[in-house]
Each structure stands twice: as structure tokens, then as C-alpha cells.
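S.K.: Give me the fold of what follows.
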Amino acid sequence: MDMNLLVALDALLAEGSVTGAAERLQLSVPAMSRTLDRVRRMMGDPLFVRAGRGLVPTPRAEALREPVRALVAQAQELLARDATFDLKTLRRVFTIRADDGAVSTLGPALLDTLAKEAPRVTVRFISQGKQDVLSLREGAIDLDIGVIEDMGPEIVRQRLFPDRFVAVFRLANPLARHRKLTPERFAKARHATVSRRGVLSGPVDVELGKAGLARHISTVTYSFAEALAITRNSDLVATVPDLLTLHLRDDLLMRALPFDTPAVVISQAWHPRFNEDPAHRAIRQMVHRISLAISGR
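M.R.: Here you go, the predicted model:
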């Protein structure tokens, strides 16, 4: 049912004339007359009949007067509630799909912000698996944060910040003696990589191959924390995104890679049906604002 037609019917019942209803809704009289015809077809009743120079409601219209008024009032109240939306009193659980790097990088600042601006909101972080449209469409996932591939026109994707791969290792690693890595030293080391799908090669291996080099992958882990825990207790080198692991490697050394690799772009994604949801929009804006601060822009 078209809510606009109920609003028009409410105005007609209140004003008792097409002219009065048109003025109330800021429409032209011809436009209001066409709307009345649509309302009549919708209701299957003439609703108003001529009585001298005015209109009088039919019994059907009289029966609709109070229910229509109540529906329109409820709609106006709902819209007014959105217009005066208050994060301070919001009670809601937001589910964010993100890897441990994104959680450790964005999570503390997001939770601090929520504590001040939306103290009754709960954030549920779940680990990244297969990126899919369905969970975003149905609201099982409110936000997807990470390296988000193009999921088609149905999903909105917003860039948060760029990142870069770096080499990380413990102080006791022989590489710690060198202030800079060379491609040869890097390739000779034993390596830990991170892949949710267990992939054994990536952009780093492509760049090494261009120089006629290859590295040995000793282990592939599911999370950054796992790879860094192994690196912390062995001579393996973990190649990980810089910003995403900053808070996970305080006691480890970091070196820039001795070759360029494609930038890693961290994004957030959501379904457009939540575009105008004031609470959802507030959380997205917080994440974006925090990301700008983290990336130093």
C-alpha cells in the first residue's frame, strides 16, 4: 500500500475538500484530484460525493477516518523518532566481520568511542571467512572490514586506509644484525605467511620471482596473531600488513621489504538497505573517522 495515498486520504477527511487538502499537502488542485482518483481505486469506494459545492464522505470514508488518522500519526512519530535519534540511549548489537588485525587496530578506538557516544551498544566481532553478499543482505553481518574484493553492485564498499607488507622477526633472528634487508637475505630466510584459504604464495612471491628468487614457506597460519606468535619463538620471518599488525608485534623488529609490492587496501562493506539507518550510519562513520586517524590523514 502506498503510504502517500493514506496521507492524502487523511488530508481529504480532515479538510472535506480537494482544495483544502491540496493546500495542506502543498499540491496543486489538479494533482490532488488525480490523487483522490487513485485513493478511490485503492479503496474500491467513491469515498466522497458532491453535496452542493462541497464534498461529503461516504460511510466507508467515515469508517476509515480514525484508523487512517492513527496510521498516519504512527508514521509521523516513527519519522520524528529517527530525526531525533540519540546514540546515548541506543541498545543494539552490531556484528562486524573482521580478521584479528583489523580488530586489534580498529577495535580499541571504536570501543572507546562507543563508550562515550553509545554506551549501551555492543559490538560482536566474528572472524573472517568467505565473503558473501547474503550475510550482509540479511543483516547477519552489519559490517565487513578488511581487504574486501568486489562483491558486485549490491554491496557498498568504502575505502578506509592503505597498508603495506613488511617483514617482522624477533630480536634473536640473524636478520636483526642488518639495518636493511636485501632480496637475497629475505629469500634465504624461513617464512611464515597468513592466508584464510591456506594459499602458499602471493604478491611477495611474485616480486621475488621477478628478481629470479624464491623463498621457502615453512608455515601458513589462519591469523596474524598465530604467525607472529610463531615468529616470536623461532627464526621465521612473518610478512604481514604494517598497520593491521602494529598492536600485535610490540616486541618484534620490523623491516621494510627490499622490493615494492601492491598496496593493501582496507575497506568496510555493507548492504545498501542499511544506508539510511541512523544507528548503522553512526557506526560506519565512527569506523571511517578512526581509520583516518590511524592512517595519519
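
S.K.: Find the helix or strand that Val220 is a member of.
M.R.: Assigned by DSSP states H and E, Val220 belongs to strand 216-221.

S.K.: Please save the CA atoms from that strand in PDB.
M.R.: Output in PDB follows, covering the C-alpha atoms of strand 216-221 (Å, rounded to 0.1, in the frame of the first residue of the first chain):
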ATOM      1  CA  HIS A 216      60.600 -21.300   1.500                       C
ATOM      2  CA  ILE A 217      57.300 -21.000   3.200                       C
ATOM      3  CA  SER A 218      57.700 -23.000   6.400                       C
ATOM      4  CA  THR A 219      54.100 -22.400   7.700                       C
ATOM      5  CA  VAL A 220      50.800 -20.900   6.700                       C
ATOM      6  CA  THR A 221      48.500 -19.700   9.500                       C
END
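
S.K.: ok, that strand: who's next to it in the sheet?
M.R.: Taking DSSP bridges as the criterion, strand 216-221 sits next to strand 190-194 (parallel) in its sheet.

S.K.: The strand it pairs with: how far from the chain's middle?
M.R.: Centre-to-centre, strand 190-194 and its host chain are 31 Å apart (CA atoms, centre = their mean, to the nearest Å).

S.K.: swap in stretch 157-168?
M.R.: Counting by CA atoms, centre = their mean, stretch 157-168 comes out at 17 Å from the chain centroid.

S.K.: So which bits of that stretch are buried?
M.R.: Of the residues in stretch 157-168, 160-161, 163, 165-168 count as buried by neighbour count, 16 or more other CB atoms under 10 Å. In short, each C-beta sits where N, CA and C put it, glycine included.

S.K.: what comes into contact with the host helix or strand of Leu6?
M.R.: Using DSSP H and E, Leu6 sits in helix 3-15. Helix 3-15 has contacts (CB atoms under 8 Å, 6 or more residues apart in numbering) with 18, 20-21, 23-25, 32, 35-36, 38-39, 42-43, 47-48, 55, 57, 61, 64-65, 68-69, 71-72, 75.

S.K.: quick one on the thing from earlier: restricted to helices, list the buried residues of stretch 157-168.
M.R.: In helices, judged by DSSP state H, none of the buried residues of stretch 157-168 are found.

S.K.: Max pairwise distance over those residues: which two?
M.R.: Leu160 and Ala167 (23.6 Å; CB to CB).

S.K.: How about the contacts made by Leu228?
M.R.: So Leu228 contacts 168, 238, 240, 245, 248-249, 252 (CB under 8 Å, 6+ apart).

S.K.: now these: which count as buried?
M.R.: Looks like the contacts of Leu228 have 168, 238, 240, 245, 248-249, 252 buried, using 16+ other CB under 10 Å.

S.K.: Which of these sits closest to Leu114?
M.R.: After measuring the buried ones among the contacts of Leu228 against Leu114 - CB to CB - the closest member comes out as Leu248, at 21.9 Å.

S.K.: from memory the closest one sits against Val103, does it?
M.R.: No - using CB atoms under 8 Å, Leu248 makes no contact with Val103, being 10.0 Å away.

S.K.: Please enumerate the helices of the stretch 101-250 of the chain.
M.R.: Using DSSP state H, counting those that start in this stretch, the helices of the stretch 101-250 of the chain run over residues 133-137, 183-188, 203-210, 224-232.

S.K.: and those, which is most packed in?
M.R.: helix 224-232 (a mean of 20; mean count of other CB atoms under 10 Å).

S.K.: which secondary structure element contains Val49?
M.R.: Going by DSSP H and E, Val49 is in strand 48-51.

S.K.: Give me the distance between that strand and the centre of its chain.
M.R.: Relative to the mean C-alpha coordinate of its chain, strand 48-51 is positioned 53 Å out (CA atoms, centre = their mean).

S.K.: Tell me where the model's unsure across this protein.
M.R.: Filtered on pLDDT under 70, the chain yields the residue ranges 1-2, 76-84, 129, 297.

S.K.: for stretch 25-39, which positions count as buried?
M.R.: 25, 27, 32, 35-36, 39.

S.K.: nope, stretch 281-297 is what I was after
M.R.: Of all the residues in stretch 281-297, those buried under the rule 16+ other CB under 10 Å are 282-284, 286-287, 290-291, 294.

S.K.: Now distance to Ser135 and secondary structure too, for these, in CSV please.
M.R.: Below are these laid out as CSV (distance: CB to CB, whole Å; DSSP: H, G, I helix; E, B strand; the rest coil):
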residue, distance to Ser135, secondary structure
Ala282, 21, helix
Ile283, 17, helix
Arg284, 17, helix
Met286, 21, helix
Val287, 18, helix
Ile290, 23, helix
Ser291, 22, helix
Ile294, 26, helix
